[in-house]
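Enquirer: below is the sequence, then the predicted model.
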Amino acid sequence: MNKPGLTYNTEKEAIAISEYGRCIQEMIKKLPEIEDRKQRTEAAKYIISVMVQMNPQIKESSDYEHKLWDHLYMISGYNLDLDGPYAPPRPITQQKKPQHIGYQNNDIKYGHYGQYLIKMIEAASQEENDEVREALAYSLASQMKRNYMEWNKSVVNDQVILDDLKNISGGRLVINEESKLSNDMPVKAQPKQQQQQGKKKKKKVPNLKANMNNPNNPAYKKRMQELGKL
């Protein structure tokens with residue numbers, strides 16, 4: 001709908017700094033039309049005072065006056081000739097949107113073991129020394145089992161781990177099927193104070209009634225003598 005004298009903000013120039021609003025921006029755009037340099041500078045100072053009122057939180061900065069003058073130049077499009085208290089800032093080149101780095105397209109077949117563990121298996125498979133390669137194979141297989149159990153929260157057959165290790169390493173890392181893999185998970189150590197509190201024993205409360213009925217108790221004998229029964 002078009003009516004004479006009616007315009008929408010969407011049809012106007014975009015606001016350079018939204019904190020100050022469109023009215024401040026239009027005031028700043030009018031500054032170059034003032035021919036007298038002194039009057040133009042005074043008008044700029046007045047606009048700075050209005051900018052403080054429109055964005056009072058800027059006072060929290062120690063150099064807020066310098067920032068206000070920089071914003072004044074930025075909103076004007078760096079097209080002002082003033083006798084301001086600070087040097088005009090340099091025009092800031094528009095930053096381009098960074099190039100998308102893309103997503104990884106790696107086919108992770110054994111994702112539950114972790115990418116780094118897969119790389120360790122591939123590196124260990126290149127070991128030429130048989131004894132060292134066998135020791136690495138057992139250590140890596142044990143870690144594979146721990147990772148598998150942490151991922152699946154269930155018990156896994158050792159044969160599954162051995163088969164996966166053989167497939168990942170291209171048949172270079174092979175372990176005897178009778179070997180038992182370790183699946184010990186780290187346990188958090190309890191503070192010493194908690195351990196000591198757990199070892200505290202409850203104090204035994206004497207049963208006075210039971211002791212008074214015990215004939216071997218001196219107090220029982222004394223009581224009986226007072227009653228004339230002994």
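Expert: Cool, the structure landed.
Enquirer: backbone phi and psi for the residue positioned nearest the centre of the chain, please?
Expert: Among the residues of the chain, the one closest to the centroid is residue 114, at 20.7 Å (Cα atoms, centre = their mean). When read as degrees, to the nearest 10, the backbone of residue 114 gives phi 100, psi 140.
Enquirer: what distance do you get for the residue lying closest to it once chain neighbours are set aside to residue 167?
Expert: Among residues not flanking residue 114 along the chain, residue 147 sits closest, at 5.8 Å (Cβ to Cβ, 6 or more residues apart in numbering). From N, CA and C alone the C-beta is placed, and that goes for glycine too. Computed with Cβ to Cβ, to the nearest Å, the distance linking residue 147 and residue 167 is 16 Å.
Enquirer: do residue 73 as well
Expert: For residue 73, the distance to residue 167 equals 66 Å [Cβ to Cβ].
Enquirer: and those two? Which one has more around it.
Expert: Looking at residue 73 and residue 167 with other Cβ atoms under 10 Å, you find the greater number of neighbours at residue 73, namely 21 against 13.
Enquirer: for the record, mean pLDDT for the host helix or strand of the more buried one?
Expert: Using DSSP states H and E, residue 73 maps to helix 64-75. What helix 64-75 shows for mean pLDDT is 91.
Enquirer: can you tell me which helices and strands the next helix or strand after that helix packs against?
Expert: Counting by DSSP H and E, the next helix or strand C-terminal to helix 64-75 is helix 115-124. Contact partners of helix 115-124 among helices and strands, from 3 or more Cβ pairs under 8 Å, 6 or more residues apart in numbering; DSSP states H and E: helix 130-152, helix 158-168.
Enquirer: which parts of stretch 13-29 are buried?
Expert: Under the neighbour-count criterion of 16 or more other Cβ atoms under 10 Å, stretch 13-29 has 16, 20, 24, 25, 27, 28 buried.
Enquirer: for stretch 38-46, same thing?
Expert: For stretch 38-46, burial by neighbour count (16+ other Cβ under 10 Å) applies to 40, 41, 43, 44.
Enquirer: mind giving me the domain ranges of the chain?
Expert: Per the record, the chain has its domains at 12-75, 110-187, by automatic domain parsing.
Enquirer: would JSON lines of these with distance to residue 222 be doable?
Expert: Rendered in JSON lines, the data for the domains of the chain read as follows (distance: least, Cβ to Cβ, whole Å):
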{"stretch": "domain 12-75", "distance to residue 222": "84"}
{"stretch": "domain 110-187", "distance to residue 222": "57"}
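Enquirer: of these, which shows the lowest average pLDDT?
Expert: Checking each of the domains of the chain, the one with the poorest mean pLDDT is domain 110-187, at a mean of 83.
Enquirer: now do it: distance to the chain's middle.
Expert: The gap between where domain 110-187 is centred and where its chain is centred comes out at 31 Å by Cα atoms, centre = their mean, to the nearest Å.
Enquirer: tell me which element residue 126 falls in.
Expert: Once you assign secondary structure using DSSP H and E, residue 126 falls outside every helix and strand.
Enquirer: nearest residue to it other than its sequence neighbours?
Expert: residue 172 (7.8 Å).
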